[in-house]
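J.: coords please:
(one chain, ligands or ions: 3)
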Amino acid sequence: MTAAPTVVLVGPMGVGKSTVGRLLADRLGVGYRDTDDDIVTAQGRTIAEIFVDDGEPAFRAIEKHAVSRALTEHDGVLALGGGSILDPDTRALLAGHRVLYLSMDVEEAVRRTGLNAARPLLAVNPRKQWRELMEARRALYEGVATAVVATDRRTPEEVTQIALDALELKEA
Ligand SMILES: Nc1ncnc2c1ncn2[C@@H]1O[C@H](COP(=O)(O)OP(=O)(O)OP(=O)(O)O)[C@@H](O)[C@H]1O
Ligand SMILES: O=C(O)C1=C[C@@H](O)[C@@H](O)[C@H](O)C1
Ligand SMILES: [Mg+2]
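T.: Numbering: from 1, shown residues only. Ligands and ions are numbered 1, 2, ... in the order given. All right, here's what the predicted structure looks like:
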């Protein structure tokens, strides 16, 4: 039997997908799943290790498989890896799902993630990399989204409440 997530969360690294995703799942009384965690469990290595050992294209192929699988297996809140929307097949799979894009501006992004070696895409000059990353991705996130919630200067609880209202989801 195939399932479909109640809501799929997309957005860049550190925007709060895991934090807000867990709060949303609690409020809705459903489970939380994260495709980055699925990949780490299945591979027995960190995301950074996969990037370093196999390269980004190999990671994206693993990710594409993990996302398509989770979309048919999970019936709660599903957070996708920040770059998963780069794949056109993944974007097509998201059509018909309730997709929440959590957004933030570049300054908030730098504040939240800083210089974190566990995020391989931001290892050098994070502000410039954030700007370029968001220029390349903003339209893709917006294109798959059925709702957008800006997280800048909002607490995770505030973001969660706004998301519930925007998605018109009833609490458990
Ligand atoms: N609304 C918020 N305001 C301030 N800080 C936040 C907010 N939401 C999350 N954070 C903090 O930002 C950091 C990143 O949050 P989180 O891990 O939930 O993001 P993510 O989108 O799941 O990132 P990743 O790409 O690593 O999966 C955490 O330290 C978290 O506590
Ligand atoms: O935005 C990205 O490209 C990424 C986001 C993370 O969730 C991880 O999937 C990985 O670090 C790559
Ligand atoms: Mg996360």
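J.: elements contacting whichever strand or helix holds E132?
T.: The secondary structure element spanning E132 is helix 126-144 (assigned by DSSP states H and E). Under the contact criterion of 3 or more CB pairs under 8 Å, 6 or more residues apart in numbering; DSSP states H and E, the helices and strands touching helix 126-144 comprise helix 88-94, strand 99-103, helix 106-113. Every residue, glycine included, has its C-beta placed from N, CA and C.
J.: in the first one, what's buried?
T.: Of the residues in helix 88-94, those scored as buried under the neighbour-count criterion (16 or more other CB atoms under 10 Å) are 90-91, 93-94.
J.: closest to L71 out of those residues?
T.: Among the buried residues of helix 88-94, L93 lies closest to L71 (CB to CB), at 5.9 Å.
J.: where's the closest one relative to P5, distance?
T.: As defined by CB to CB, to the nearest Å, L93 lies at a distance of 11 Å from P5.
J.: contact residues of the protein facing ligand 1?
T.: 13-19, 36, 82, 112, 151, 154-156, 159 (CB under 6 Å from any ligand atom).
J.: related to what we said a few turns ago, dump the buried residues of helix 88-94 into JSON lines; add pLDDT and distance to ligand 3 as well.
T.: Putting those into JSON lines (pLDDT from 0 to 100; distance: CB to the ion, whole Å) gives the following:
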{"residue": "T90", "pLDDT": "98", "distance to ligand 3": "17"}
{"residue": "R91", "pLDDT": "98", "distance to ligand 3": "20"}
{"residue": "L93", "pLDDT": "97", "distance to ligand 3": "20"}
{"residue": "L94", "pLDDT": "98", "distance to ligand 3": "18"}
